[in-house]
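In: sequence first, then the predicted structure:
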Amino acid sequence: MEKYPLEKGTEALPLSYAPPQPKPAAASKAKWAVVIALILLSASAPSLLSHSHSHSHANSQTSHPSWRDATALAGYRAAYFETSAAESSDTAAAFPGRPHLPPHHHHKKPPTTKEREHTMLTVPTAESARNASHSFTAVAHIAGTEGDRLSALRVKSQWEELLGVPASGPDGNVFESGTTESREALMGKRKCSGKGGKGHRARKWGAIKKRWFKKLFGMRRRGHWGAPKKPTVWVDTYYPLLNYPVSHSLTLTPPGATSPSFVASLLEDEVPEDSTSKEGRFDVPTFHGLSKNGTASGQLVYAGRGNREEFQALVAAGVEIKGKIAIVQYGGTFRGLKVKNAGEFGALGCIVYTDPAEDGEMTAENGYEVYPDGPARQPSSVQRGSVQYLSMYPGDPLTPFTPAYKNATTRLPRDSTEINVPDIPSFPISFQDALPLLKSLNGKGVQMRDETKGPEWKEGGLGYLGVEYWSGPGEDIVEMVNIMDDKVTPIWNTMAVIPGRLSDEVVIVGNHNDAWTFGAGDPNSGTASVHEIVKALGVLLEQGWTPLRTIVLASWDAEEYGLIGSTEFGEDFGAWLKEKTVAYLNVDVSVAGTAYGIGASPSLADLFKDVSNVVPDPDQLNRTLLTKMVEEGGEDDDLVERSDELKIGPLGSGSDFTVFLQHLGIASVNVGYSRKRTDPVYHYHSIYDSAHWMDKFGDSTFNRHVAVSQVLGLATLRFADSLLLPINVTAYANELSYYVSKVRNLPSFTSATESTIQLSALDDAVALVQKAAAALDVEIADVEAALANPHKSCIHKTLKKVRSINKRLQQFEGGFITEEGLPQRPWYRSRAVAPGRYLGYGATTLPALTESLTLDHNTTEAKLEVGKLVDIFEGVAKGLKA
């Protein structure tokens, strides 16, 4: 396709340019004296440096701060003058008194900021996104399978082509995690040789000599800052616990009968119009990832959506759960916690089905045709998914806190009570298979109702098919067989690095690649959007662009089993990531409907409002995505109660931002289109999450795929190239007040609670953060003014201030991290936000304080938590100061 053209013509010498004048002879003699002295010292000088580098750096993930700062300032300086010169038609006028030579003829003139953003907006196309999507959704690619491995290699091959990296072939640049090759691919080669640091001292001395020669002889080529390193692409291999179905069955047998009255198919129907459904119904079994291997039988009990309150209500109503098989709906709490709740209340097994109640208006009961003829749910559709206890910890169940290397020595036993997986068998079924089970309960036990939600609220959406939603227990015996093969299995993260001028300021863009089935929506709508971003970045590199900051691209594996690929990476490179990463930008599902939404750290909300205000709404071109968000609002309960004009909610869990935000303390965002109640039903984790569904019902134009790539791509560029990081700590500081107000608005919170836990002390601590953030805003404004008027300031001092401000902005989110983690779940370390203990995906702000009141009903613990939060917030405020 035609690339965005750069301005034509050559750059003339500025009028202020004058050739260098010959130096006096005395100065030349002095130079040679210094040179001779340097040469004489060169043999012994490295030993003079040994006192500070006598230790081995073989396992170091960081470098010396003074060298990092010097490198960063050089990078800032290069980017500043390059950008300023590109934006100004008169470089001499822009920088009076500073002579400039034209760029060397073999260097391309880099694109301006406006040109870069134009490229990011125009290079992604619907046709390219569709082709990328179809390339990934042609076959199933469940984590750890051959299809998954080939999909990871496909990403590697595509990224190599788009970024101009020589093709490595299917076996090239595939590394074992924990090896030197893996670590150097991300972090670069070590700058010291190990024993005694001799190699490092020699190189450091060489750099000193080189710098003095340049100073003495004016050897520096103005306008040239060194050739940038080239991008690299590779695959890292980890070895977590995964499982796959061997056989499963589900039967319903009347008392005294010798054969079942009902045998569930546990298959999804073939749909001729959807070509992948024919093989998919057999090739992709319906199962729960990380479910318990085993069998169970007993009477059936219906427990609504399977949350703790519903199980407690059944017990209070006299319904016996112990020794029974529970059947629950999807929706509400995370599926793994449904199984956990069932087990904790004594159930022997758990069946989870998809009820049309969650399909909004698009139901057969309302007269809509079912898929593929219409937008309603296909009755045989099954939602697969992991039942790992995600809110306890994500990642490999056997190696919490440590990476799942092939030779890991700290794996927990599969039957350990410490691991975060169920101890009763479970599997998912369709509502088509659930109908006979639910009907067998009619008239038995108590009828499930919720009078608090009004007369129009329904327990489920199968009433028109004869289901009355009684609790049971029923008289018939349900037998479920769930034979699983548990094994440590290789998974493959595909990674790429686009080196920037700064190696210690890194922005990461991620999406996962594995799918429960074909994954047209989850995850490969996101994969297609990232493909378009990478394509645009490749065009920019061809145009001579070098980002200020390093960009890391990630295609995570085994996200569906429990965020495993990203979590293992985060546990593997934790120290490096905490030191260097400025933000993590995530897209999981780009398109599952028409509701555009953003979840983010409050400090990133303004950036994503800004870029959303640049990208047109593809469904209504006379407005931007920002306007769409304002006009249409959101359906999230946490957002509805807000009074501000635009509502961007906090991040809980359920996608790959989790390890970055809540374990490492890195500002994160997730963006994409979700389904509204009036949109066609999205067949989540079903074989009907297919190319055919996406082409007909999901995003037939693929323009929403492109819109997400534009939003995330623009944000990537602004993070990569802005001298000052686009992180707004004042927005976060103000949000902390809202978090405290949510605690006060808890139903159980009273004036006595306020007095007991001394919550007002937390108000004072929040005020300190807000004051420090406001002072930092003043610093930022002063620096921006100095950068806009370089002749009025010393640019070196200004860039040192930029460096100081950026480090404080970068480390702000990490200020909420505590090493001991949250009570009962130490892997989650952020005291600001975490997935709710019994929610799974949903976010809970000030989680330890909130849950001490709502779940533990312990005001003593809540008071202690207030004290901890005061200390944390005071530390955050201190960290914002220069």
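Out: Happy to help now that I have it. Numbers count the residues shown, from 1 in each chain.

In: residue nearest the centroid of this structure?
Out: Residue closest to the mean C-alpha point of the chain, counted by Cα atoms, centre = their mean, is F657 at 2.7 Å.

In: any idea of the pLDDT on that one?
Out: Per-residue confidence (pLDDT) for F657: 98.

In: from now on call the first residue 16
Out: Got it, the first residue is 16 from now on, which makes the last one we talked about F672.

In: could you check the pLDDT of the residue nearest to V436 when sequence neighbours are not counted?
Out: Of all residues not flanking V436 in the chain, L305 sits nearest, at 4.7 Å (Cβ to Cβ, 6 or more residues apart in numbering). For glycine as for every other residue, the C-beta is placed from the backbone atoms N, C-alpha and C. pLDDT recorded at L305 is 98.

In: kindly report the same for I810.
Out: In this prediction I810 is given a pLDDT of 88.

In: so what's it up against?
Out: Residues near I810 by Cβ atoms under 8 Å, 6 or more residues apart in numbering: R92, Y95, A801.

In: quick one: the first one from P805, how far?
Out: As defined by Cβ to Cβ, to the nearest Å, R92 lies at a distance of 11 Å from P805.

In: intersection of neighbour lists for those two?
Out: Common neighbours of R92 and P805, using Cβ under 8 Å, 6+ apart, do not exist here.

In: now do the SS call for S570.
Out: Of the three states, S570 takes strand according to DSSP: H, G, I helix; E, B strand; the rest coil.

In: which residues does the nearest residue to it once chain neighbours are set aside contact?
Out: Leaving out its chain neighbours, the residue that sits closest to S570 by Cβ to Cβ, 6+ apart is T509, at 4.0 Å. Residues in contact with T509 (Cβ under 8 Å, 6+ apart) are A167, L168, V170, K171, W174, V248, W249, V250, N528, A569, S570, D572.

In: could you pull out the strands for the stretch 116-265 of the chain?
Out: Assigned by DSSP state E, counting those that start in this stretch, the strands in the stretch 116-265 of the chain fall at 189-191, 247-253, 256-268.

In: which stretch among those strands comes nearest G203?
Out: Closest to G203 of those, according to Cβ to Cβ: strand 247-253, at 9.7 Å.

In: what is the closest one packed up against?
Out: helix 161-178, strand 189-191, helix 195-202, strand 506-513, helix 579-587 (3 or more Cβ pairs under 8 Å, 6 or more residues apart in numbering; DSSP states H and E).

In: so what touches stretch 755-771?
Out: Counting by Cβ under 8 Å, 6+ apart, 774-775, 777-778, 781, 860-861, 864-865, 868-869, 872, 874, 877-878 sit against stretch 755-771.

In: inside strands: which ones of these?
Out: Counting by DSSP state E, the contacts of stretch 755-771 place T860 in strands.

In: farthest pair within the contacts of stretch 755-771?
Out: Among the contacts of stretch 755-771, V781 and H872 lie farthest apart (Cβ to Cβ), at 24.8 Å.

In: closest to V482 out of the contacts of stretch 755-771?
Out: T869 (32.3 Å).

In: chain neighbours aside, what residue packs nearest to the closest one?
Out: L761 is the one closest to T869 (Cβ to Cβ, 6+ apart), at 6.1 Å.

In: returning to what we had before: now list the buried members of the contacts of stretch 755-771.
Out: L774, L777, V781, T860, L861, L864, T865, L868, T869, T874, A877, K878 (16 or more other Cβ atoms under 10 Å).

In: and which of the residues you listed is nearest L281?
Out: T869 (37.6 Å).

In: tell me the pLDDT at the residue nearest to E586 when sequence neighbours are not counted?
Out: Nearest residue to E586, sequence neighbours excluded (Cβ to Cβ, 6+ apart): P418, at 4.9 Å. Among the per-residue scores, P418 shows a pLDDT of 98.

In: can you give me the neighbour number for P418?
Out: Residues near P418, counting by other Cβ atoms under 10 Å, number 23.

In: so it belongs to a helix, correct?
Out: No. Using three-state DSSP, the secondary structure at P418 is coil, not a helix.

In: for it, what are phi and psi?
Out: phi -70, psi 150 (degrees, to the nearest 10).

In: which residues are in contact with it?
Out: With Cβ under 8 Å, 6+ apart, P418 has these contacts: S192, G193, Y253, E583, F584, E586, D587.

In: quick one: low-confidence ranges for the stretch 116-265 of the chain?
Out: 116-122, 205-243 (pLDDT under 70).

In: hang on, I meant the stretch 516-665 of the chain
Out: Using pLDDT under 70, the stretch 516-665 of the chain drops low at 649-661.

In: what packs against the lengthiest helix in the chain?
Out: In the chain, taking DSSP state H as the definition, the longest helix is helix 775-803. Applying 3+ Cβ pairs under 8 Å, 6+ apart, one finds that helix 775-803 contacts helix 744-759, helix 810-827, helix 874-894.

In: pull the distance from that helix to the chain's centre.
Out: Centre-to-centre, helix 775-803 and its host chain are 28 Å apart (Cα atoms, centre = their mean, to the nearest Å).

In: check stretch 847-864 too.
Out: That offset, for stretch 847-864, works out to 17 Å (Cα atoms, centre = their mean).

In: check stretch 831-843 too.
Out: On Cα atoms, centre = their mean, the centre of stretch 831-843 falls 19 Å from that of its chain.

In: endpoints of it, how far apart?
Out: Length of stretch 831-843, first residue to last, Cα to Cα, to the nearest Å: 11 Å.

In: which residues touch that stretch?
Out: Stretch 831-843 is contacted from outside by 406-409, 415-416, 677-680, 844-847, 849-850, 852, 862-863, 866-867, 876, 883, 887, 891, using Cβ under 8 Å, 6+ apart.

In: still on that earlier bit, these two touch, right, the residue nearest to the centre of the chain and A682?
Out: No. Using Cβ atoms under 8 Å, F672 is not in contact with A682, being 9.7 Å away.

In: now do the shared contacts for the two.
Out: Shared contacts of F672 and A682 (Cβ under 8 Å, 6+ apart): Y599.

In: what's the local residue count around D84?
Out: Neighbours around D84, by other Cβ under 10 Å: 15.

In: need the per-residue pLDDT for R92.
Out: 84.

In: wait, I meant A87
Out: 81.

In: and for it, the neighbour number?
Out: Look at A87: counted by other Cβ under 10 Å, it has 23 neighbours.

In: pretty sure it is touching R564, no?
Out: No. A87 lies out of contact with R564 (Cβ under 8 Å); the separation is 9.9 Å.

In: shared neighbours, the two?
Out: L517, E520.

In: closest one to L636 among the helices and strands packed on strand 247-253?
Out: That would be helix 161-178 among these, by Cβ to Cβ, at 27.7 Å.

In: now the closest one against strand 247-253, angle please.
Out: Orientation note: helix 161-178 sits at an angle of 160 degrees relative to strand 247-253 (axes from the mean of the first three to the mean of the last three Cα atoms, to 10 degrees).

In: so which bits of helix 161-178 are buried?
Out: Buried positions in helix 161-178, judged by neighbour count with 16+ other Cβ under 10 Å: 162-164, 166-175, 177-178.

In: repeat for stretch 345-359
Out: For stretch 345-359, by 16+ other Cβ under 10 Å, it's 345-358.

In: how about F151: what's its closest non-neighbour residue?
Out: N539 (4.3 Å).

In: gap between that neighbour and S148?
Out: 6 Å.

In: what do you get for S540?
Out: Distance from S540 to S148, by Cβ to Cβ: 7 Å.

In: have a look at those two and say which one is more surrounded.
Out: More neighbours surround S540 than the other of S540 and S148, with 32 against 29 (other Cβ under 10 Å).

In: that's all I had, so thanks and see you.
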